[in-house]
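In: what's the 3D shape of this:
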Amino acid sequence: MNELQGLAFIERPYCTNRKAFERLISDENISITYQGKAIHDFQLQGLVKLGFGVAVIPESYIQKECDLKYIPIVLNNPIMRSIVLAYRKLPKSVVAVIEGTSLI
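Out: Numbers count the residues shown, from 1 in each chain. I've put the predicted structure just below:
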């Protein structure tokens, strides 16, 4: 989770699990920066596609043809919905840590 620190996020203020995510990052002592705010998911995905930042969204919202990559987020105390980190481009070190793989 600490790897999320320093990434630019796009805010999804209408999310029903937003408060749970904010508690999670607060409990982990992580500070995130919002670069923008979406008013609906289509706009959110567009902002991610344009490279404005990353977004935490329900996994079910990722469409095979949407040209976004995503990394499933596994939590010790899961939120009742399966979420993913949608991104256009991330440093390989961040992807490796989040996916739990080695860079070797």
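
In: residue 48 touches residue 86, doesn't it?
Out: Yes - contact criterion C-beta atoms under 8 Å: residue 48 and residue 86 qualify, at 5.0 Å. Every C-beta, even on glycine, is put in place using the N, C-alpha and C of the backbone.

In: strands of this structure, start to end?
Out: 8-11, 33-37, 55-58, 69-72, 83-87 (DSSP state E).

In: quick check: mean pLDDT of the first one?
Out: Strand 8-11 carries an average pLDDT of 93.

In: and that strand, what does it pack onto?
Out: Judged by 3 or more C-beta pairs under 8 Å, 6 or more residues apart in numbering; DSSP states H and E, the packing partners of strand 8-11 are strand 33-37, helix 41-49, strand 55-58.

In: measure how far it is from the centre of its chain, please.
Out: Averaged C-alpha coordinates place strand 8-11 at 8 Å from its chain's average position (C-alpha atoms, centre = their mean, to the nearest Å).
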